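J.: sequence isn't available, so here's the structure alone:
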């Protein structure tokens, strides 16, 4: 069923992968045969060919795929295998603070399928007091509290807690045929707020001011910052959705999932692993997880390495707005519903998560030490430019130094994450 050995991808095939994404997006909403055509279109570019031949094939196949889909009658989709699924955030479909390896999938899908997934913020759902009491003290009316929140709160008793964190995570979703050494592509198609409010926490000892934060030192003066749970209302202002931070400050919403992960390979002693087989949801890693990369909004694509059969995708920690670094320790924690398309790439190993938007390729470095995370992000950028764009390592490092932005995406979750953002506009022939 599977190839007996991994083929080495040509430079041209990898370079065109990003163009293929745009063609795939044009097929959204078409009958499932169009998704199949798009996947065949992707795989056909794997042969050995020169750039001119590859361009001809790419244009020809793209034209064929779009022409066939355009000619299909509206009713044709009714005879195709459904590709749209949904997963709710019910007590039986969520986990609390970890990524179980042996939990039966809540859904199994085929590559190319689309899934709408509900997620819950932990803010207001995991405390001792009933949500109507806890959130009511902040001014939230009972009819503004999701039933899923109340039902999860009632299900806390008996859930394992040792070695776990506080996030509520939906999943796992299995992708049929996924095997270790594959790559899972997650296209982020939609994000919708489920309630008109979110919560952000501040304190003099939280986030980057915490005593265990690597930058803290004994004897540091305590900041004059109150411990407050900030209720932040959200809604529409003109043609955009915003957070009404104060009477004269509106923050545009850019919702994204703080956690997107495949099932990891937890080893005691690694960050967030204190119990055998249990990976806490707090630190991100090679499996993705709590990356808190604010660029992963609608229209972006995330790539994750696969470590277990089925890949076992988890998602949660929904945020409606966040600054790079998430310096207080939280973003606007707000329950979201997301819609995702999953594409499986066989025999395509990755060392770390990577992503792309319409404007940038995004490489990542993750380490307990922020300086090491930066080094790793630079290594990933150099490796990407060498493999995907044909640069020599010295030319790749030179380009990284003069044209690539390295940003602290997340600094408060044990391991720290640095992104290297390569502008696509640099490559004038693409």
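T.: Sure, I can see it. Since the model is a prediction, treat every value here as computed from it, not as a measurement.

J.: wait, residue 361 sits on residue 419?
T.: No: under the criterion of Cβ atoms under 8 Å, residue 361 is not in contact with residue 419, lying 10.2 Å apart. Yep, even glycine has a C-beta here, placed from its N, CA and C like the rest.

J.: which of these two has more neighbours?
T.: Neighbour count, other Cβ atoms under 10 Å: between residue 361 and residue 419, residue 419 has more, with 27 against 22.

J.: tell me if the more buried one really is in a strand.
T.: Yes: counting by DSSP: H, G, I helix; E, B strand; the rest coil, residue 419 is located in a strand.

J.: list the contacts of it.
T.: Applying Cβ atoms under 8 Å, 6 or more residues apart in numbering to residue 419 gives the contacts 293, 295, 362, 363, 364, 377, 406, 407, 409.

J.: if we use 7 Å, what do you get?
T.: 293, 362, 364, 377, 407, 409 (Cβ atoms under 7 Å, 6 or more residues apart in numbering).

J.: kindly report the same for residue 249.
T.: Applying Cβ under 7 Å, 6+ apart, no residues contact residue 249.

J.: which residues does it bridge with?
T.: When assigned by DSSP bridges, residue 249 has beta-bridge partners residue 246.

J.: tell me the pLDDT at the residue lying closest to residue 370 once chain neighbours are set aside?
T.: Nearest non-adjacent residue to residue 370, counting by Cβ to Cβ, 6 or more residues apart in numbering: residue 416, 4.7 Å away. pLDDT for residue 416: 96.

J.: in a strand, residue 416, correct?
T.: Yes: applying three-state DSSP, one finds residue 416 inside a strand.

J.: what distance do you get for it to residue 404?
T.: According to Cβ to Cβ, to the nearest Å, residue 416 stands 18 Å off from residue 404.

J.: and residue 321, what does it touch?
T.: By Cβ under 7 Å, 6+ apart, the neighbours of residue 321 are 243, 251, 253, 254, 331, 332.

J.: can you do 6 Å?
T.: By Cβ atoms under 6 Å, 6 or more residues apart in numbering, the residues touching residue 321 are 243, 251, 253, 254, 332.

J.: excluding sequence neighbours, find me the nearest residue to it.
T.: residue 332 (4.7 Å).

J.: measure stretch 314-329 end to end?
T.: Terminal residues of stretch 314-329 are spaced 21 Å apart (Cα to Cα, to the nearest Å).

J.: by neighbour count, which of the contacts of residue 321 wins?
T.: residue 332 (25 neighbours).

J.: surely the residue nearest to residue 321 meets residue 234?
T.: No: between residue 332 and residue 234 there is no contact under Cβ atoms under 6 Å: 7.5 Å.

J.: secondary structure element for residue 174?
T.: strand 168-175 (DSSP states H and E).

J.: before we move on, the earlier item: shared neighbours, residue 332 and residue 234?
T.: Counting by Cβ under 6 Å, 6+ apart, the residues touching both residue 332 and residue 234 are residue 243.
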